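Participant: need a structure here:
(chains A and B)
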Amino acid sequence: MHQGSGALCSAVRVRRLYTPTMIDATSRTGDIARWSNMLIPTTREAPADAETPSHIFMARAGFIRKVTAGVYAYLPLGYRVLRKVEQIVREEMDAAGCCELLLPALMPLELLKPTGRDEAYGELLFRLDDRHGRGQFLGPTHEEVITDILQTSVSSYKALPLTVYQIQTKYRDEFRPRAGLLRCREFIMKDAYSFHLDVEGPGGLNETYDRLYQAYTSIFTRCGLDFSVVEAESGPIGGSASHEFMVNCENGEDTILFCPESGYAANVEKCEIGTRPAPAEGWFVGEPTGELEEVHTPDCPAIEDVSRLLKVKPDCMLKTVVFKVVPRNEEEAKAYPGDWWVVACVRGDHEVNEGKVRDLSECQLELADADEARAAGFEIGFVSPRAAIGKDQTLLIVDPDAAVGFDEAKGKPKFWVTGADRKDYHIKHFNWQRDLGKDPVAALAERDCKFMVGSIRNAEAGDPSPRAEGAVLQARRGIEVGHIFKLGDKYSKAMGFEILDADQKRVPVIMGCYGIGVSRTVAACVEQSCDDDGIIWPAPIAPFHVIMTLIKPDERILSVADDVARELARCGLDVLIDDREERPGVKFKDADLVGMPVRVTIGAKALADGNVEIKHRRDKGKGELVPVAEAAGRCQALLAM
RNA sequence: CAGGGUGUAGCUCAGCUUGGUAGAGCGCGUGGUUUGGGUCCACGAGGUCGCCGGUUCGAAUCCGGCCACCCUGACCA
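Facilitator: Residues are numbered from 1 along each chain as shown, chains lettered A, B, ... in the order given. Predicted coordinates:
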């Protein structure tokens, strides 16, 4: 848990906010391009595999082209957006005191041996053999290389703290790439790594972590995104504290939960649940609902199957999941010989959260292999909490929502269905006190070390907030665009990266790592900002700020267009002149599709009075008539809105 | 990885059940027409029907194998 940054830990939901000064912050001269000179293959129809708005529109508008599953070419307009996002990332990273470098994408497999990530990454890792038969891989992230480089180039504590970053193509052989740029096998990522002597204090990890938290907030704000920051699990990269930056979007793959009272927000994997008080009668207390009855449930290992077959709601069922203890080191393996098990029991409509089971049991766990568990007496698919009773090396944890014998809402004893611990059978009228095989109330009272009640399920909307009395969690979907981690000494220890401190003591270096999915951010922008006609780019990352639609591009009109474009460019605006010999309707449709924030229409009629038409992409209709001389100013004003 | 589905023109798809050597719309080219929200008309170019094998006089179509792509799910049994 990240300590000491108070407000930073709470959810920050940032409104779309960008100002004109951001557009021409560098006071550079804008670009001018003619459509006829560019590759912008717009289409009326989307590719059959495109389903989400960002995928459909970026394909139709000619920003990207699929080359193979999860691999895309960035066409000129797409590449311009990508570069603009990259530039924002660069500016903010540099401002936060980080320095840019470029690591290789292709690396030797041996590099992952010390941290064991060649195994840990498994199938996700893109592997290949070179002509000499040496194992190579394409980098999914770069902790090992950068640690290796720093190890051989930084030998004094005086060089720390240090934060380096790169913007690189990453490779992950996803099970299932999907949704265009949102989940790719090849994608662009900014990854940063920081190195410290300490966690706390000046120059420590926390200081950099907080600074990059702020930098990320600036980056996504400048990109025009509506996003939330949530507490997160650190996942396969490992480490302690971690925050995710989530674009708020219904199409997102991640579920986040937040407390409207306290501002607490977390990924569903991580989200804590507020106290769920014991029933008035106490845990497990309640009369049986009937005789214990065994029912034949062939081929129904899943809750859903049984629920359908027996016409029993999942919230009247107990789901029992078996984990095997994995010794964390040789000491543990020696202290606890043989197989140890943790049995987690939750209500049928809930999901077991492995992280919570791990924390409560204080053991490293993995889901038990079905055959192995059967051999140990757990009839996987038909397990009940009874299976944990009477076994020596087995801990049973029951979630509060499952640990009830009396249904307070209905005012009568709780009816339970659970496995019969025998293939193809379940039991009805399970009663904790009568049928468990030991007295759960007494076991709790005497603090039986093999039995406990604890919060071990994923949080859901409607659960009590862990941070505000009486408040209730709400759910929202999001797209993860940034993730920051405190790694601690995980990598430096594994790779033996130690350094002499001021007291001449060898200490492992403390690390942090910080990622931004650059290409995913581009897609997330489209998800969040489009309408039926196409994309509506936020000005700071639009491929061009202005599209100039020429109704009939004859010499005179072209000359006026060039003049206006030069003036706009002088103000720092990028201009795309649609000079194609196309019907006006086609050009208007394409202008809406590609989504430049401002359109300047130049036609003979308005021009006769010295006017052009200017409108924002969000506004319908023809736009307002503006004298040619005032066009640049009007465009800037619109972009600032 | 499991389950389902699809591969036919640059794109979106029909044709396959019931075998006879391939179609539409969009796009593309030429000519005309039109010129402020995907004009209209005519003519035209473009396909080893994913690959390999089998059945057959004959296969886009039937059978087998492979490959690619897509959807759903996914350590919760």
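
Participant: Which helix or strand contains the closest residue to RNA strand B within the stretch 201-350 of chain A?
Facilitator: Going by C-beta to the nearest atom of the strand, RNA strand B is nearest to residue A:301 of the stretch 201-350 of chain A, at 2.0 Å. (C-beta placed from N, C-alpha, C; glycine too.) Counting by DSSP states H and E, there is no helix or strand that carries residue A:301.

Participant: Run through who's touching stretch A:272-279.
Facilitator: Contacts with stretch A:272-279, where a contact means C-beta atoms under 8 Å, 6 or more residues apart in numbering, come from A:266, A:285, A:400-401, A:404-406, A:408, A:455, A:457, A:459, A:463-467, A:471, A:473.

Participant: mind redoing it with 6 Å?
Facilitator: Residues outside stretch A:272-279 that contact it (C-beta atoms under 6 Å, 6 or more residues apart in numbering) are A:400, A:404, A:406, A:408, A:455, A:459, A:463, A:464, A:465, A:466.

Participant: swap in stretch A:433-444?
Facilitator: A:284, A:288, A:292, A:386, A:389, A:432, A:451.

Participant: State the pLDDT value of the closest residue to the residue of the stretch 201-350 of chain A closest to RNA strand B other than its chain neighbours.
Facilitator: Spatial nearest neighbour of residue A:301, excluding adjacent residues (C-beta to C-beta, 6 or more residues apart in numbering): residue A:381 at 2.8 Å. We have a pLDDT of 78 for residue A:381.

Participant: Return the backbone torsion pair for residue A:381.
Facilitator: phi 100, psi -20 (degrees, to the nearest 10).

Participant: Report how many residues lie close to it.
Facilitator: Counted with other C-beta atoms under 10 Å, the neighbours of residue A:381 add up to 18.

Participant: Correct me if wrong: it contacts residue A:300.
Facilitator: No: the criterion here is C-beta atoms under 6 Å, and residue A:381 misses it with residue A:300 at 8.1 Å.

Participant: Wait, a helix at residue A:230?
Facilitator: No: the assignment for residue A:230, made by DSSP: H, G, I helix; E, B strand; the rest coil, is strand rather than a helix.

Participant: starting at the chain centroid, how far to the longest helix along chain A?
Facilitator: Ranked by number of residues, the top helix in chain A under DSSP state H is helix A:76-95. How far helix A:76-95 lies from its chain's middle: 20 Å, per C-alpha atoms, centre = their mean, to the nearest Å.

Participant: right, and the helix or strand after that helix?
Facilitator: Going down the chain from helix A:76-95, the next helix or strand is strand A:99-100, by DSSP H and E.

Participant: so whichever residue of the stretch 101-250 of chain A sits closest to RNA strand B, which of the three states?
Facilitator: RNA strand B sits closest to residue A:175 of the stretch 101-250 of chain A, with a gap of 3.7 Å, by C-beta to the nearest atom of the strand. Taken by three-state DSSP, the conformation at residue A:175 corresponds to coil.

Participant: Secondary structure class of the closest residue to it other than its chain neighbours, three-state.
Facilitator: Leaving out its chain neighbours, the residue that sits closest to residue A:175 by C-beta to C-beta, 6+ apart is residue A:123, at 7.6 Å. With three-state DSSP as the basis, residue A:123 sits in helix.

Participant: Tell me where the model's unsure across the stretch 1-150 of chain A.
Facilitator: Scanning the stretch 1-150 of chain A for pLDDT under 70 picks out the ranges A:1-26.

Participant: And the closest residue to residue A:260 other than its chain neighbours, how far from residue A:459?
Facilitator: Leaving aside its chain neighbours, residue A:260 sits nearest to residue A:474 (6.2 Å; criterion: C-beta to C-beta, 6+ apart). According to C-beta to C-beta, to the nearest Å, residue A:474 and residue A:459 sit 11 Å apart.

Participant: Those two: which is more packed in?
Facilitator: residue A:459 (27 against 15).

Participant: Could you double-check that residue A:456 sits in contact with residue A:356?
Facilitator: Yes: under the criterion of C-beta under 6 Å, residue A:456 makes contact with residue A:356 at 4.6 Å.

Participant: can you give me the strands in the stretch 1-150 of chain A?
Facilitator: Using DSSP state E, counting those that start in this stretch, the strands assigned to the stretch 1-150 of chain A run over residues A:32-34, A:64-68, A:71-74, A:99-100, A:106-108, A:126-129, A:135-138.

Participant: in its sheet, what does the first one sit against?
Facilitator: Strands flanking strand A:32-34 in the sheet, each with its direction: strand A:575-578 (parallel) (DSSP bridges).

Participant: go on, the last one?
Facilitator: For strand A:135-138, the paired strands and their directions (DSSP bridges) read strand A:106-108 (antiparallel), strand A:126-129 (antiparallel).

Participant: In CSV, list those strands along with distance to RNA strand B and mean neighbour count.
Facilitator: Formatted as CSV, the strands paired with strand A:135-138 follow (distance: least, C-beta to the nearest atom of the strand, whole Å; neighbours: other C-beta atoms under 10 Å):
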stretch, distance to RNA strand B, mean neighbour count
strand A:106-108, 21, 14
strand A:126-129, 13, 13
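
Participant: Take the ones you listed and lay them out in TSV including distance to residue A:588.
Facilitator: Shown next, in TSV, are the strands paired with strand A:135-138 (distance: least, C-beta to C-beta, whole Å):
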stretch	distance to residue A:588
strand A:106-108	46
strand A:126-129	43
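
Participant: Which of those sits closest to residue A:143?
Facilitator: strand A:106-108 (11.4 Å; C-beta to C-beta).

Participant: Roughly how far does the residue nearest to residue A:175 sit from residue A:69?
Facilitator: With C-beta to C-beta as the criterion, residue A:123 and residue A:69 are 15 Å apart.

Participant: How about the residues of the stretch 301-450 of chain A by RNA strand B?
Facilitator: Residues of the stretch 301-450 of chain A found near RNA strand B (C-beta under 7 Å from any atom of the strand) are A:301-304, A:319, A:321-322, A:346, A:351-354, A:366-368, A:370, A:373, A:380-381, A:383.

Participant: Show only the entries of those residues found in helices.
Facilitator: Among these, DSSP H puts A:303, A:304, A:354, A:370, A:373 in helices.

Participant: got a winner among these for most neighbours?
Facilitator: residue A:373 (21 neighbours).

Participant: isn't that one right up against residue A:380?
Facilitator: Yes: Residue A:373 is in contact with residue A:380 according to C-beta under 6 Å; the separation is 5.3 Å.

Participant: how is chain A carved up into domains?
Facilitator: A:99-272+A:477-520, A:293-453 (automatic domain parsing).

Participant: Those: lowest mean pLDDT?
Facilitator: Among the domains of chain A, domain A:293-453 carries the lowest mean pLDDT, a mean of 80.

Participant: From start to finish, how long is it in a straight line?
Facilitator: One end of domain A:293-453 to the other measures 26 Å (C-alpha to C-alpha, to the nearest Å).

Participant: all helices in the stretch 401-550 of chain A, in order from the N-terminus.
Facilitator: For the stretch 401-550 of chain A, the helices defined by DSSP state H, counting those that start in this stretch cover A:432-435, A:440-445, A:490-495, A:518-528.

Participant: Just send those helices back as a markdown table, with mean neighbour count too.
Facilitator: A markdown table is the format used below for the helices of the stretch 401-550 of chain A (neighbours: other C-beta atoms under 10 Å):
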| stretch | mean neighbour count |
| --- | --- |
| helix A:432-435 | 17 |
| helix A:440-445 | 16 |
| helix A:490-495 | 20 |
| helix A:518-528 | 26 |
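
Participant: Would you reformat those as TSV and include distance to residue A:30?
Facilitator: Converted to TSV, the helices of the stretch 401-550 of chain A look like this (distance: least, C-beta to C-beta, whole Å):
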stretch	distance to residue A:30
helix A:432-435	71
helix A:440-445	71
helix A:490-495	43
helix A:518-528	20
